[in-house]
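Asks: only geometry, no sequence info:
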């Protein structure tokens, strides 16, 4: 099976995944797949789930959004956060979900609705991917 | 001459201060190494992001994105990155002096200040400067989230037109023995527009939208770098000043011990003279 190189880079660490066969990313307008010899480009990613197929095994990650850069048959995921499905801290995600829900109800005039929605989406996504 | 007990007490107190400074030095050294590691880890991400941005920006028309607007500069914001604690030599003083000078040059009333670190907050509150936001007490568990929060509010301040330029003043980590106060412009981004030929690459969604989501991320990581640089510098400065304090304490102990011995010698001599004098008087 054909393969290409995948690196995941975040501000606090670099994950060298190595040769993978298939990558599925949460694009802004819906998810898309990347395989060997994909057209070069830069694509924005939303909050969601990243699926990586490597040697017949599937792995799932949750991400907080970012970019994917495809150049010269090598793929780089530039994301602000990435967690492997079984490394996700579900308690923390649940806590931040509860916090966001509470803020939505409290309706403090100073709070920024977009921020609450964003943090809620991140928490829900983490919880969802953790079930994989 | 001071009496023996006084000198002995002083030696004791200097010695215990020396223990404290020595411990602080060790703690600072460990924290500095950690900060340096994190700086290394942040590098690949920020480099790749900068590369992408440099590649994309020349094709973008400044007028079309509020984040790239060049406006006449009527009001500025300063992000002053300082420490929460002192005892780090001239670390805080130097930075605050330079920041204040720059702010005063532009006009104290036309500047909004974002204070990072207690020392910055206290300094500017006391002098009645215009503080919009302060972030304190996060250095111990510093996470990327902190940088994102600070970055976001600074960006909002720029995009809603409150200020026309954002500066960051921070300590740059040159090496362990040297830190340098730097003042950089965070927004608007500096670049040249030019017409490059169409490339075969795929951009999704449009280039403009990409840049629109890219720039905040770029600024967040920039902010993260400033925080790390400042933290590493702070610990390095503290390490050095505690090192000096420890060796000064050593010198003091040496001097005091000498004084103590002299005083003791003098006391013995006087006592002996008295005994001899008394014995002679009996004869």
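Replies: Thanks, I have it. The model shown is predicted, which means the values in this text are computed figures rather than measured ones. Residues are numbered from 1 along each chain as shown, chains lettered A, B, ... in the order given.
Asks: Stretch A:34-45 close to chain B?
Replies: Yes. Counting by Cβ under 8 Å from any Cβ of the partner chain, chain B is contacted by stretch A:34-45 at A:39-44. Heads up, the C-betas are built off the backbone N, CA and C, glycines and all.
Asks: For residue B:17, which non-adjacent residue is spatially closest?
Replies: residue B:249 (5.9 Å; Cβ to Cβ, 6 or more residues apart in numbering or on different chains).
Asks: residues in contact with the one you found?
Replies: Residues near residue B:249 by Cβ atoms under 8 Å, 6 or more residues apart in numbering or on different chains: B:14-15, B:17-18, B:21.
Asks: ok, now with 6 Å
Replies: B:14, B:17-18 (Cβ atoms under 6 Å, 6 or more residues apart in numbering or on different chains).
Asks: Going through those, which ones are buried?
Replies: For the contacts of residue B:249, a burial check counting by 16 or more other Cβ atoms under 10 Å in any protein chain shown picks out B:14, B:18.
Asks: related to what we said a few turns ago, whichever of the residues of stretch A:34-45 next to chain B end up buried, select them in ChimeraX.
Replies: Those of the residues of stretch A:34-45 next to chain B that count as buried under 16+ other Cβ under 10 Å are selected in ChimeraX with:
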select /A:41,42,43,44
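Asks: wait, which of the residues of stretch A:34-45 next to chain B is closest to chain B?
Replies: Taking Cβ to the nearest Cβ as the measure, chain B lies nearest residue A:41 of the residues of stretch A:34-45 next to chain B, at 2.9 Å.
Asks: Surely that closest one is in contact with residue B:201?
Replies: Yes. Assessed by Cβ atoms under 6 Å, residue A:41 is found in contact with residue B:201 at 4.6 Å.
Asks: ok so, going back, now tabulate the residues of stretch A:34-45 next to chain B in JSON lines and tack on pLDDT and secondary structure.
Replies: Formatted as JSON lines, these follow (pLDDT from 0 to 100; DSSP: H, G, I helix; E, B strand; the rest coil):
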{"residue": "A:39", "pLDDT": "88", "secondary structure": "coil"}
{"residue": "A:40", "pLDDT": "86", "secondary structure": "coil"}
{"residue": "A:41", "pLDDT": "86", "secondary structure": "strand"}
{"residue": "A:42", "pLDDT": "87", "secondary structure": "strand"}
{"residue": "A:43", "pLDDT": "89", "secondary structure": "strand"}
{"residue": "A:44", "pLDDT": "89", "secondary structure": "strand"}
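Asks: Can you tell me which of the residues of stretch A:34-45 next to chain B lies closest to residue B:47?
Replies: Of all the residues of stretch A:34-45 next to chain B, residue A:42 has the smallest distance to residue B:47: 15.2 Å, by Cβ to Cβ.
Asks: Okay, the closest residue in space to that closest one that isn't next to it in sequence and residue B:32: tell me how far apart.
Replies: Among residues not flanking residue A:42 along the chain, residue A:69 sits closest, at 5.4 Å (Cβ to Cβ, 6+ apart). Between residue A:69 and residue B:32 the computed distance is 33 Å (Cβ to Cβ, to the nearest Å).
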